[in-house]
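K.L.:
Could you work out the structure for the sequence below:
(chains A and B)
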There are 2 protein chains.
Amino acid sequence: MVSIKDVAKLSGVSVTTVSRVMNNRGYIGKATREKVEDAMRQLNYQPNQIARALLKNQSSLLGVIIPDVSHPLFAELVNWIESYASDKNYKLLVCNSLSDKEKELHYISMLRQNRVDGIVMASHTLDVASYQDTGMPIVSFDRVLSSNIPYIASDNYKGGELATLHLIDRGCKKLLHISGPLEYELLANRRSDAFQLTCIKNGIEGDCVEGAHIKATFEDNWDFIDKNIGIQKLSAYDGVFCSNDIMAYTLYVYADKHNINVPEQLKIIGYDYHSFTRMLRSPALTTISQPIDAIGNSLCSTLIELIENPEAGKNKNVILDVELIQGETT
Amino acid sequence: MVSIKDVAKLSGVSVTTVSRVMNNRGYIGKATREKVEDAMRQLNYQPNQIARALLKNQSSLLGVIIPDVSHPLFAELVNWIESYASDKNYKLLVCNSLSDKEKELHYISMLRQNRVDGIVMASHTLDVASYQDTGMPIVSFDRVLSSNIPYIASDNYKGGELATLHLIDRGCKKLLHISGPLEYELLANRRSDAFQLTCIKNGIEGDCVEGAHIKATFEDNWDFIDKNIGIQKLSAYDGVFCSNDIMAYTLYVYADKHNINVPEQLKIIGYDYHSFTRMLRSPALTTISQPIDAIGNSLCSTLIELIENPEAGKNKNVILDVELIQGETT
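P.N.:
The predicted structure is shown next:
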């Protein structure tokens, strides 16, 4: 690797002068500057950002911890975060926790050791205290960690309300909700709260089945439905609000295979509207769209603000609006 | 942030002694070791990996440049690369080139400046020479860059042959192939070669339409089909081999909307079998499965071998086997 010494040697100046040219510090004559810049080009010299990071105590690295980048929601989220980070000259270290406590702890420690400037937490398997202890800028997706840690989320309550009201508007009389796992205080749980309250307010029967930590595969979702609901129980409902689109799609196929007509006998609405759902045409799912682009941008811009201006960045929670997408399943 | 000095102070020894304990160098008495380890735990001390990287001239960072992490193929690829890297104590910097030359060049330069130990190149918009010049370990996905740069790919030729023979076996007489963009010498182009040769060998009429650099959205693929093929031309064929599953799915919907029965009148086969296709049930696509897990693992293990043992790692090209997945579209 070409070093600053090689540049100094070729341009016939001192290392200090090369460093001044690179950092735009002190007075440098035009001829000297050109000589140094020529030498840098000629040698294809790349300044050592690691040395700079150590010197400036700033790595321009961001960490993002997600459950699984192969899940369409998190893949898109990482895409938007990386795109924003890159525009601001930050680099992104991606960590898949696989929703495993040990792995999540390991990644937090690894990211601290690598002196990342901040972390986007979108995997939530630890107690809230574990995140407060890290002593570094953190922004959270969909979870309140502490009053010092900003969170970004879609308007989960409104999304749950929109979904439930839509099913009621379509004439449903007995509703089912398949939530996410409720063990952690995630903001996504507001979807379930909204479902229950909206049913009560409208005098509609509404039951809940709590989701489990399962992989986002068709087979795992199918097994979940078969074991925890089953065709007999499902037949008693005329509308289901699923807390994510993968579950909603699997439920559609499950109903279809068991000769329940969607949407005539059973109406199904999901939540997310990520790339999988946007691609899907048979059927087009009715769902609640969360603005994944805006969530990714907000996560990253809030984190960078927190890094560059800690006081201004605090308490900058962001709740982003959601929207009903009318498909063919309601 | 707690420093090594704080650890030295609390344990009552010198910084050199703490450093020796951390690096397991020189003789350290048991009592001293325990005192230092206690202090590290008490202070929640995290060694500065950036300082270590500079000292050891090894960052344990890997870069991966892909077109777009929100594409299901690349999302899965990154997932497997990260998982393997994490097991080997490497960290992954993810870069989305958006198939843009400027961005790709910028990322290569950024990764060099950050002294990553090596790069997985899975975005290919530059001339081969640009990659040879980087002077650092590189492994390529699906492209031959030089004899010094190992490549990993699925058996694209066999995949194209399997797909074409399958359509012929199913009775197709006039075939169409929608390839990827052919401007770069990508190994994926072997799918097209195999299609053409297999048609000739079997005395079957086979036409090709060259794909374009489009986003992996339904709308972009639909527009591509409508503009470059259209319903009249499509009606003349009884089998289509698409070079990727997103195109195959869009073509299925396009045919269906225009009252062409799949598979009765038109048989469709794709390529990839990524998470989108594995999720899809209406219809289940017939496709060629490339082993994305094994490709990701190979990309990462070959890169790490090249980093840790440059001579042994050279010329370690890997071609991984593919498999026909029978769905409902043929």
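K.L.:
Residues touching the helix or strand harbouring A:Val253, excluding its own?
P.N.:
Element membership of A:Val253 [criterion: DSSP states H and E] is helix A:245-257. Residues from elsewhere that reach helix A:245-257 (C-beta atoms under 8 Å, 6 or more residues apart in numbering or on different chains): A:178, A:211, A:216, A:218, A:221-222, A:224-226, A:231, A:234, A:240, A:242, A:261-262, A:266, A:268-274, A:276-277, A:280, A:283, A:285, A:287, A:329, B:279, B:281-282. Placement of C-beta: from N, CA and C, glycine included.
K.L.:
can you tell if stretch A:74-83 touches chain B?
P.N.:
Yes. Using C-beta under 8 Å from any C-beta of the partner chain, stretch A:74-83 reaches chain B at A:Ala75, A:Glu76, A:Val78, A:Asn79, A:Glu82, A:Ser83.
K.L.:
just checking, A:Ala294 touches A:Leu320?
P.N.:
Yes. At 5.1 Å, A:Ala294 counts as touching A:Leu320 under the criterion of C-beta atoms under 8 Å.
K.L.:
any idea how far A:Met40 is from chain B?
P.N.:
12 Å (C-beta to the nearest C-beta, to the nearest Å).
K.L.:
Output the helix or strand containing that residue as CSV, restricted to C-alpha atoms.
P.N.:
Per DSSP H and E: A:Met40 is located in helix A:30-43. The C-alpha coordinates for helix A:30-43 follow below in CSV (Å, rounded to 0.1, in the frame of the first residue of the first chain):
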residue,chain,number,x,y,z
LYS,A,30,0.2,26.8,-5.5
ALA,A,31,3.2,25.1,-7.1
THR,A,32,3.8,22.9,-4.0
ARG,A,33,0.1,22.0,-3.8
GLU,A,34,0.1,20.9,-7.5
LYS,A,35,3.3,18.9,-7.1
VAL,A,36,1.8,17.0,-4.1
GLU,A,37,-1.5,16.5,-5.8
ASP,A,38,0.2,15.2,-8.9
ALA,A,39,2.2,12.7,-6.9
MET,A,40,-1.0,11.5,-5.1
ARG,A,41,-2.7,10.9,-8.4
GLN,A,42,0.4,9.2,-9.9
LEU,A,43,0.8,6.8,-7.0
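K.L.:
Show me what that helix is packed against.
P.N.:
Where contact means 3 or more C-beta pairs under 8 Å, 6 or more residues apart in numbering or on different chains; DSSP states H and E, helix A:30-43 is packed against helix A:4-11, helix A:15-23.
K.L.:
can you tell me which of these the model trusts least?
P.N.:
Across those, helix A:15-23 has the smallest mean pLDDT, namely a mean of 83.
K.L.:
just checking, what packs against it?
P.N.:
Looks like helix A:15-23 contacts helix A:4-11, helix A:30-43 (3+ C-beta pairs under 8 Å, 6+ apart).
K.L.:
Name the residues of the shortest one that are buried.
P.N.:
Read that as helix A:4-11. A:Ile4, A:Asp6, A:Val7, A:Ala8, A:Leu10, A:Ser11 (16 or more other C-beta atoms under 10 Å in any protein chain shown).
K.L.:
what's it in contact with?
P.N.:
By C-beta under 8 Å, 6+ apart, helix A:4-11 touches A:14-15, A:17-19, A:32, A:35-36, A:38-40, A:42-43, A:45, A:47-48.
K.L.:
Out of the helices and strands packed on helix A:30-43, which is closest to A:Ile307?
P.N.:
helix A:15-23 (20.9 Å; C-beta to C-beta).
K.L.:
What angle do helix A:4-11 and the closest one make with each other?
P.N.:
Our comparison of helix A:15-23 with helix A:4-11, counting by axes from the mean of the first three to the mean of the last three C-alpha atoms, to 10 degrees, yields an angle of 100 degrees.
K.L.:
quick one: the helices in the stretch 1-150 of chain A?
P.N.:
Assigned helices in the stretch 1-150 of chain A, in chain order: A:4-11, A:15-23, A:30-43, A:49-56, A:72-87, A:101-113, A:128-132 (criterion: DSSP state H, counting those that start in this stretch).
K.L.:
and the fourth one, does that touch chain B?
P.N.:
Yes. Counting by C-beta under 8 Å from any C-beta, chain B has neighbours in helix A:49-56: A:Gln49, A:Ile50, A:Ala51, A:Ala53, A:Leu54.
K.L.:
so who does the most centrally placed residue in chain A touch?
P.N.:
Closest residue to the average C-alpha location of chain A: A:Leu77 at 4.4 Å, with C-alpha atoms, centre = their mean. A:Leu77 makes contacts with A:Ile66, A:Ala122, A:Phe141, A:Ile292, A:Ile295, A:Gly296, A:Leu299, as judged by C-beta under 8 Å, 6+ apart.
K.L.:
Look at A:Pro263 and give its secondary structure.
P.N.:
Here A:Pro263 is recorded as coil under DSSP: H, G, I helix; E, B strand; the rest coil.
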